[in-house]
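1. here is my input, please return the structure:
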Amino acid sequence: MARREKEWNALKTIETDILVVGGGLAGLTAALEAKKGNVSVTLLCRSKAGRSGNTLVSGSSLSVLNMDGGYGDSPEQFRDDLLNAGAGINDRPMVDLFLDRSAEVLDMLRGYGVRFQTVDGEAAAKRPPGHSVRRYYSTDCSALSYMNRGLALTKPLLEQAGRQGIVLLNDTTVLRLLTDHNGICGAVAMLNRTGELTIFRAGVVVLAAGGGCTLFSVNNNTADVSCDSYSLAYEAGALLRDMEIVQFYPTMMFEPVKLSIANPLFGDGAVLRNVAGEEFLHRYSDQGNMATRDVMSRAVKSEIDAGRGNPKYVFVDCSGMDGDEIDKKYKELADRLREVHLDMKRDLIPIAPSAHFYIGGISIDGGCRTSVEGLLACGEAAGGLHGANRLAGVALAEAAVFGRIAGRTAALLAGERRTSGMLPEADDQPGFRAGETKIDELTAAVRETMWKNASIVRSEASLNDARREIEAVADAANSAEIANPTDLRKFRGLNSLLVTARMLIEGSLLRRESRGAYYRSDFPESETGFFGNFFYRKGDDGALKISFKKYKP
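-> Model prediction:
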């Protein structure tokens, strides 16, 4: 049954020129840049702005073009690295725009109060695998815990947002975007603790709520990043792209503590070893320990599956690194490892792969506009830049570059777009109800299914298994118990996982090849027929529609 216009109008309503959804680096940057346009800006965050999302637990480092660094970088060199990593299916105009703007990012962030790590008074540049030169710059995290290094980026921006008069609303989950004949006209959101619904009227909405590798049971994302950007955009009619492609992080330590082991270590002499002590990456790539994350992830999984793990892990060996390099560049990591009685200079560090970054996302143009008027996207919510695989440090640089562009575009659009007094009809969200199935159980089932059948290595058989299991969960969700506001929020999250899982599965069944981070065991080679991108949208009949656009040679 539809909720009629008068019922929507009975809810609490907040007016704002621009609504930003997401409180990480991309969302905060977009809000700050938009505010410069003398418009009202409201930022909603599902948890705590600046203190949640994947920016918080990131390495807090950015890979940017810096021809003044003395490392031999150039736009052509960086472009080649991005396209090589992305197996050629990157959005070329988006790559060129990123290269043109990334050189400004460090100074922009310094202007907001962000400090960067230095060695002997100079900004310290590292070279992670996949990069041909040193262009990876880390923030100064010396006063922060290792697991909250992202605060070095978000805390200064959050303080600036408060000073600039941006309205920050935490613990607020967006349930759906509202559209009319003119595109976006607002959003419906719920206060997490009370379940109270609020209508936000806005002529411009910026989706910056991150990606969603919590789609997989083994991941290194924060729990509040659950594919909401993708489902909100999809249900509003926006076009998405490359949703079959996800990046897996090869060096995640799960025991004795869960910790990302930094890939730039390999640029400074670290190597991977199996349980027999063999340095094995040369068997999988001519680049050896400087192989990109996709190759490294599959290699680690192969060694473990072949019984050359201990038994669930292989090892990062830093003993060949210069001790001074460890002390200067990796002090925070070394200190954290010492807390669990591991010495980087001597001990082997146990690691295995995990889901890390969603390569696909909402399709945008050079102004971060989506296919829906008034709807913008930036950061991990958007797709295109990375092609089939992402280079280390480019995610946060992307968030800053395109967050800035999205904010500026939003400010320009806000002067042109005004919401009408009318609100569209919208389907009811489910109310409280009894049920035999718990939402937590269904959510866990989705994640286990996707990790088992649709993660690092896929096949037609595994994908068909995933499809059957996901549809069974979707059927069960229709009668799941919703007993309180927390269950309502979890139901929104489950719906986001299901929407994204369907896109990933159906796109993966169509892409009958392997490319970058995407690997089909039944089609292990790249095929020229798939040199291009799959695009996803919700059809007029409510069904998923997928199309393919091939690049011309």
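2. quick one: the helix ranked longest in the chain to chain centroid distance?
-> Secondary structure of the chain per DSSP state H: the longest helix is helix 485-510. Distance of helix 485-510 from the chain centroid (CA atoms, centre = their mean, to the nearest Å) equals 15 Å.
3. from here on, count from 12
-> Will do, 12 is the new start, and the previous item becomes helix 496-521.
4. which parts of it are buried?
-> Buried residues in helix 496-521, counted by 16 or more other CB atoms under 10 Å: 496, 498-520. (Glycine included, C-beta is placed from N, CA and C.)
5. which other helices and strands contact that helix?
-> Packed against helix 496-521 by the contact rule (3 or more CB pairs under 8 Å, 6 or more residues apart in numbering; DSSP states H and E) you find strand 183-191, strand 194-202, helix 239-246, helix 450-464, helix 471-488, strand 543-549, strand 555-561.
6. which helix or strand lies directly C-terminal to the second one?
-> If I follow you right, that is strand 194-202. strand 208-212 (DSSP states H and E).
7. show me what that following strand is packed against.
-> Secondary-structure packing of strand 208-212 (3+ CB pairs under 8 Å, 6+ apart): strand 23-26, strand 183-191, strand 194-202.
8. keeping just the C-alphas, turn that strand into CSV.
-> Taking Å, rounded to 0.1, in the frame of the first residue of the first chain, the C-alpha atoms of strand 208-212 are listed here in CSV:
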residue,chain,number,x,y,z
LEU,A,208,11.0,9.3,10.4
THR,A,209,12.0,12.7,9.0
ILE,A,210,11.6,14.1,5.5
PHE,A,211,14.5,16.0,4.2
ARG,A,212,13.6,18.3,1.3
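9. how many neighbours does Val44 have?
-> Check again: residue 44 is Glu, not Val. Residues near Glu44, counting by other CB atoms under 10 Å, number 20.
10. same question, the one 5 residues further on
-> For Asn49, the neighbour count with other CB under 10 Å is 10.
11. so the longest helix of the chain versus helix 450-464, what angle?
-> Counting by axes from the mean of the first three to the mean of the last three CA atoms, to 10 degrees, helix 496-521 lies at 20 degrees to helix 450-464.
12. what is the mean pLDDT for helix 496-521?
-> Confidence for helix 496-521, expressed as mean pLDDT, is 96.
13. so Leu407 is in contact with Ser72, correct?
-> Yes: under the criterion of CB atoms under 8 Å, Leu407 makes contact with Ser72 at 6.8 Å.
14. looking at the two, which is more packed in?
-> The neighbour count for Leu407 versus Ser72, taken as other CB under 10 Å, is higher for Leu407 (29 against 25).
15. let me see the backbone angles for the more buried one.
-> Torsion angles at Leu407 (phi, psi; degrees, to the nearest 10) stand at phi -70, psi -40.
16. now do the helices in the stretch 162-311 of the chain.
-> Residue ranges of the helices in the stretch 162-311 of the chain, as given by DSSP state H, counting those that start in this stretch, are 162-174, 239-246, 304-316.
17. could these go into JSON lines alongside distance to Leu108?
-> Listed next are the helices of the stretch 162-311 of the chain as JSON lines, based on distance: least, CB to CB, whole Å:
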{"stretch": "helix 162-174", "distance to Leu108": "21"}
{"stretch": "helix 239-246", "distance to Leu108": "20"}
{"stretch": "helix 304-316", "distance to Leu108": "23"}
